[in-house]
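Visitor: Turn this into a structure:
(chains A and B)
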There are 2 protein chains.
Amino acid sequence: MQRYFVTQSYADAQENGFKLTGDDYHHAVNVMRMKVKDHCFLVFTDQRAIIGEIINISEEDVEFKEISKESQNKELPVHVTIASGYPKGDKLELVVQKGTELGASEFVGFPAKSSVVKWDAKKLAKKGDRLVKIAKEAAEQSHRQFQPTVKLLTSEKELLELAKDYDHVLIAYEEAAKSGEQGQLVKTLSVVKPGESILVVFGPEGGLTPQEVGSFETAGGKVCALGPRILRTETAPFYLLSAISYQLELLT
Amino acid sequence: MQRYFVTQSYADAQENGFKLTGDDYHHAVNVMRMKVKDHCFLVFTDQRAIIGEIINISEEDVEFKEISKESQNKELPVHVTIASGYPKGDKLELVVQKGTELGASEFVGFPAKSSVVKWDAKKLAKKGDRLVKIAKEAAEQSHRQFQPTVKLLTSEKELLELAKDYDHVLIAYEEAAKSGEQGQLVKTLSVVKPGESILVVFGPEGGLTPQEVGSFETAGGKVCALGPRILRTETAPFYLLSAISYQLELLT
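Guide: I've put the predicted structure just below:
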């Protein structure tokens, strides 16, 4: 069933009416060709979701009545932020699309020392808009109740500042895989509590430099390996998010 | 350090000399511009790997002497085959590239009932060659000791035949995620023993039909969910392989 994110809380929408407007209106009416009595999911900013039935389609909005609430929780029990040193080409787009399907709450891009690409403010703004759209579509498609946010930073310092706000900070480091480190991810996932936040830092293609790893360690980060194989910069977040889901959603 | 797969066993190569020829010769000499005394990894067909030092570069081959053996095991303790109902476009390429990094041993493509693409024998042969090459490059890059194989089938019946040879068969089924099934993957991974084989069947974009799921169940398959979110056909194998690595390489 089609799924739309509404930019209001459930309570506000209850007061104002359950409505789709703008792009979502266009998608529902012109792309999906939905009609009165059709059903779809509506997800609100407070992560609540309902199944709605269309009761009216005007020139400007589609109006719904609530049929039932979505009971199954689709969100990871922890808030996971994926921080990627700017990689080449469209890799960040892949990280955001797949990372959203796999449950990430937030994506942060930052200029790492080995980042080859140098994006100016204009390019970053354009890239950001595109990534928000990709996250929205992937969240709808994967039946999320939360639409991940995107922040594209202009300095690594900002990320070190952000790190202070997290309960746990992990640093995915290629050298840790090579040296046979196997324990840190398991260790962190065994102490993390529901509702806590995890920031995981990934380097670009060239990896993080030892100096960068040092800075993140000083900010409270812990180096971890994601198995013994060397994962590309865009693949590593998929491993991390899947392992978090397996440990916190399937095993427990 | 660069890594090359040699098409001989370690014992045979010991007898014949440790050599790179053909495409790998070209890559080492002309792309990497390697010289006498340079080091790289050589991986043999029996999954053994050494660090070799170049002792001679002729017009036809690069010859090495053994410096040391690679001690760390890079392979999953179980043999995992990813079977994908033919998806659209280049998605199979993404599955093979990322799936190789994440440790899969084999990739099988098959025409599922909802597969939109219809590939004839010629197209399949071409696609197969391309996928073998992608697997080889990803295996080198991710420091694998085994180069995954690729089989592109022309009927679903062949896959049902193949399923008989596996110790465990799992069916990744979207409806299982929707119904809240959480236990089968954990269950299977808690009984699988080192050296055993697991076949996991994934549908194309439209999913597997209930009839297809029934056939695979009759062939011994068990339906499993990969967390509560709906994953795209190309994303689901990443979750599965990461969960297998987390359970069998990090947790135990």
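Visitor: Single out the residue in the stretch 101-250 of chain A that lies closest to chain B.
Guide: Of all residues in the stretch 101-250 of chain A, the one sitting closest to chain B is residue A:242 (3.5 Å; CB to the nearest CB). Where you see a C-beta, it was placed from the backbone N, CA and C, and this is true even at glycine.
Visitor: residue ranges of the helices in chain A, please?
Guide: A:10-16, A:22-26, A:91-101, A:121-141, A:156-163, A:174-178, A:184-191, A:210-218, A:236-245 (DSSP state H).
Visitor: Please work out which of these is packed deepest.
Guide: Compared across these, helix A:236-245 shows the largest average neighbour count, a mean of 26 (mean count of other CB atoms under 10 Å in any protein chain shown).
Visitor: avg pLDDT for that one?
Guide: Helix A:236-245 shows a mean pLDDT of 98 in the predicted model.
Visitor: do stretch A:8-25 as well
Guide: For stretch A:8-25, the mean per-residue pLDDT is 94.
Visitor: hang on, the earlier thing: ok, the nearest residue to the residue of the stretch 101-250 of chain A closest to chain B once chain neighbours are set aside - contacts?
Guide: Closest residue to residue A:242 apart from its sequence neighbours, by CB to CB, 6 or more residues apart in numbering or on different chains: residue B:242 at 3.5 Å. Contact analysis of residue B:242 by CB atoms under 8 Å, 6 or more residues apart in numbering or on different chains lists A:226-227, A:238-240, A:242-243, A:246, B:102.
Visitor: Now with 7 Å, please.
Guide: Contacts for residue B:242 (CB atoms under 7 Å, 6 or more residues apart in numbering or on different chains) come out as A:238-239, A:242-243, B:102.
Visitor: Switch these over to JSON lines; also include distance to residue B:183.
Guide: As requested, the contacts of residue B:242 are exported to JSON lines (distance: CB to CB, whole Å):
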{"residue": "A:238", "distance to residue B:183": "23"}
{"residue": "A:239", "distance to residue B:183": "22"}
{"residue": "A:242", "distance to residue B:183": "17"}
{"residue": "A:243", "distance to residue B:183": "18"}
{"residue": "B:102", "distance to residue B:183": "23"}
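Visitor: between the residues you listed, which is closest to residue A:171?
Guide: The nearest member of these to residue A:171, counting by CB to CB, is residue A:239 at 14.3 Å.
Visitor: how near is that closest one to residue A:53?
Guide: 40 Å (CB to CB, to the nearest Å).
Visitor: about what we covered before: rank the helices of chain A by mean pLDDT and give me the bottom one.
Guide: For those, the weakest mean pLDDT is recorded on helix A:174-178, namely a mean of 80.
Visitor: Wondering if that helix reaches chain B at all.
Guide: No - using CB under 7 Å from any CB of the partner chain, helix A:174-178 stays clear of chain B, coming no nearer than 7.9 Å.
Visitor: excluding its backbone neighbours, what's nearest residue A:44?
Guide: Closest residue in space to residue A:44, ignoring its immediate chain neighbours: residue A:10 at 4.2 Å, by CB to CB, 6+ apart.
Visitor: how much space between the one you found and residue A:66?
Guide: Between residue A:10 and residue A:66 the computed distance is 9 Å (CB to CB).
Visitor: ditto for residue A:23
Guide: For residue A:23, the distance to residue A:66 equals 22 Å [CB to CB].
Visitor: ok, now residue A:59?
Guide: Looking at residue A:59 against residue A:66, where the rule is CB to CB, the gap reads 23 Å.
Visitor: Show me which of these two is the more surrounded one.
Guide: The neighbour comparison of residue A:59 against residue A:66 (other CB atoms under 10 Å in any protein chain shown) goes to residue A:66, with 14 against 6.
Visitor: Quick check, that one in contact with residue A:49.
Guide: No - the pair residue A:66 / residue A:49 is not scored as a contact, 10.6 Å apart, by CB atoms under 7 Å.
Visitor: Chain B contacts on the stretch 101-250 of chain A?
Guide: The stretch 101-250 of chain A has residues A:101-103, A:141-144, A:180, A:182, A:185-186, A:227-232, A:235, A:238-239, A:242-243, A:245-247, A:249-250 near chain B, with proximity defined as CB under 7 Å from any CB.
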